[in-house]
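Trainee: I would like the atomic coordinates for the input below:
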Amino acid sequence: MNEEILVSANNLSVYQQGNLVLADVNFKVSKGEFLYLVGKTGSGKSSLLKMIYGALPVNDGVLMVCHKDMKSIKSSEIPLLRRKLGIVFQDFQLLMDKTVEENLSFVLKATEWKDAQKIKNKCTEVLTAVDLLSKATKLPHQLSGGEQQRLSIARALVNDAELILADEPTGNLDPETSMDIVKLLRSLSSVGKAVIMASHDFNVIQKFPARMLHCIDGKVIEKSVLV
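Mentor: From the prediction side, this is the model:
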C-alpha cells in the first residue's frame with residue numbers, strides 16, 4: 001500500500017560539494033523494511049542519507065520522505081520531519097557532559113515534551129529496549145563503544161521515529177559488537193520501522209542478509225538479497 005512507503009526516490013541526482021556523484025537514483029523503502037546502502041568511501045552513501053534527512057538539498061529528481069517532498073520542503077518544516085526520523089552516526093555524537101538518561105531527556109525536551117514523569121517513563125522504556133537501563137546514570141565516557149552506539153540508537157528511537165537512518169553505525173566497533181548493533185537495528189524493522197543502514201562491512205552484511213542498494217560508478221544498483 002502506498003501509505004506504507006516511507007522513502008521514494010525517482011530520477012534523483014546526488015551531489016557532493018557541487019559534484020554529481022549519483023545519477024538517476026530510483027528506489028522505495030516501505031514500513032517494516034531493512035535495507036543496506038553499500039559502496040566505497042566517496043561513492044555517495046552519506047550524501048544520499050543527508051538528502052533523506054534534509055541536510056542536503058534536492059535539486060534534480062524527486063525524493064519523498066515520510067510523505068514530504070524534499071525538493072519543496074521549507075527549512076522551517078525540516079525539524080518537524082526529523083521528529084519522524086532517527087539518525088545514528090558512526091561517531092555516536094552524544095552529549096558527553098550528560099548522563100545516558102539525560103542524553104535522551106534532552107531530545108524529548110527539545111521536541112516540546114513537558115511532563116517530567118512522561119519523559120522519565122519514555123527514557124526508561126527506550127533504555128530497556130536497548131539494554132542500557134542499568135547504565136542510566138553513567139556518562140558516555142564510562143560506556144564501552146558498543147554501549148555508546150546503543151545509546152545513539154536509543155536517542156534515534158526516543159521520539160517513536162518511523163524511519164531509522166544509520167550511517168556506518170559499526171565503523172568504530174569490533175566485530176562482535178558490530179553484530180550486536182546490527183541485530184538491534186534489524187529488530188527495529190521487525191516492529192514496523194523502516195531502517196536504512198549505510199555500510200561497507202560485508203562480514204555483517206553476510207551474517208544478516210537483506211535487500212541491498214549498491215552505490216557504484218555513479219549509479220545505485222539494487223542487488224538481490226545475499227544468501
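
Trainee: Same question for the strand or helix carrying residue 106: list its buried residues.
Mentor: Using DSSP states H and E, residue 106 sits in helix 100-110. Within helix 100-110, the residues that count as buried by 16 or more other Cβ atoms under 10 Å are 100, 101, 102, 103, 104, 105, 107, 108. In this view, the C-beta of every residue, glycine as well, is placed from N, C-alpha and C.

Trainee: Quick check: what element follows the lengthiest helix in the chain along the chain?
Mentor: Determined from DSSP state H, the single longest helix within the chain is helix 175-190. Sequence order places strand 194-199 as the next helix or strand after helix 175-190, per DSSP H and E.

Trainee: Can you name the residues in contact with that next one?
Mentor: 6-7, 29-38, 45-46, 49, 52, 162-170, 182, 185-186, 188-189, 205 (Cβ atoms under 8 Å, 6 or more residues apart in numbering).

Trainee: Can you list the strands that that strand pairs with?
Mentor: Here strand 194-199 is paired, per DSSP bridges, with strand 34-38 (parallel), strand 163-167 (parallel).

Trainee: What is the burial count for residue 71?
Mentor: Per other Cβ atoms under 10 Å, the neighbour tally for residue 71 reads 15.

Trainee: likewise residue 171?
Mentor: Count around residue 171 with other Cβ under 10 Å applied: 15.

Trainee: Likewise for the one 3 residues further on?
Mentor: Taking other Cβ under 10 Å as the criterion, the count of residues near residue 174 is 12.

Trainee: how much space between it and residue 35?
Mentor: In this view, residue 174 and residue 35 are 24 Å apart by Cβ to Cβ, to the nearest Å.

Trainee: Out of the strands paired with strand 194-199, flag the one nearest residue 223.
Mentor: Nearest to residue 223 among the strands paired with strand 194-199 is strand 34-38; the distance by Cβ to Cβ comes to 8.3 Å.

Trainee: what angle sits between the next helix or strand after that closest one and strand 163-167?
Mentor: Scanning forward in sequence from strand 34-38 by DSSP H and E, the next helix or strand is helix 45-52. Interaxial angle, helix 45-52 versus strand 163-167 (axes from the mean of the first three to the mean of the last three Cα atoms, to 10 degrees): 150 degrees.

Trainee: ok, residues contacting helix 45-52?
Mentor: Outside helix 45-52, the residues that touch it by Cβ under 8 Å, 6+ apart are 7, 12, 14-16, 21-22, 25, 37-39, 56-58, 63, 65, 70, 85, 163, 165, 167-168, 196, 198, 215, 220.

Trainee: ok, now with 6 Å
Mentor: Identification of contacts with helix 45-52 by Cβ atoms under 6 Å, 6 or more residues apart in numbering yields 14, 16, 37, 39, 56, 58, 65, 165, 167, 198, 215.
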